[in-house]
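Student: Quick one, what's the 3D model for this:
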Amino acid sequence: MVDWSKRGEHIAKHGVTVTQASEALADPDAVVFDPDYNSRNGEGVRTIGFSPSAASVMTVITYVMDGVTHGASAWKSNSRDRRYYRQGGPDE
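Tutor: Residues are numbered from 1 along each chain as shown. Down below sits the predicted model:
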């Protein structure tokens, strides 16, 4: 379970609901980058997964603090992340 209590309003600005982000995180075919390839501090995790209710591939950023996974951001994936999702991982 991911705690979105501090960032739920933030992802809403990207047109994403907590439900959509959670669906993408739960996708069994999701691609995970740990750490996120764009993370400044190496603590973020990027998950690229499909959200049925959004009918879209989503990019979700999470991090762990004090043993709790927190949601940081989420958005509809760009073309690079959609490609990673289609091919099941990064470019070779």
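
Student: rest of the way, CA atoms for contacts and neighbours
Tutor: Fine.

Student: what's the burial count for the spatially closest residue to A24 that is not a sequence neighbour?
Tutor: Of all residues not flanking A24 in the chain, G49 sits nearest, at 4.2 Å (Cα to Cα, 6 or more residues apart in numbering). Residues lying near G49 (other Cα atoms under 10 Å) number 30.

Student: Mind telling me what element G49 is part of?
Tutor: strand 45-51 (DSSP states H and E).

Student: contact partners of the helix or strand immediately after that strand in the chain?
Tutor: Moving toward the C-terminus from strand 45-51, the first helix or strand encountered (DSSP H and E) is strand 56-65. By Cα atoms under 8 Å, 6 or more residues apart in numbering, the list of residues contacting strand 56-65 from outside reads 21, 24-25, 36, 43-51, 69-77, 81-82, 85.

Student: same question, stretch 19-30
Tutor: By Cα under 8 Å, 6+ apart, stretch 19-30 touches 2, 47-54, 57-60, 74, 85, 88.
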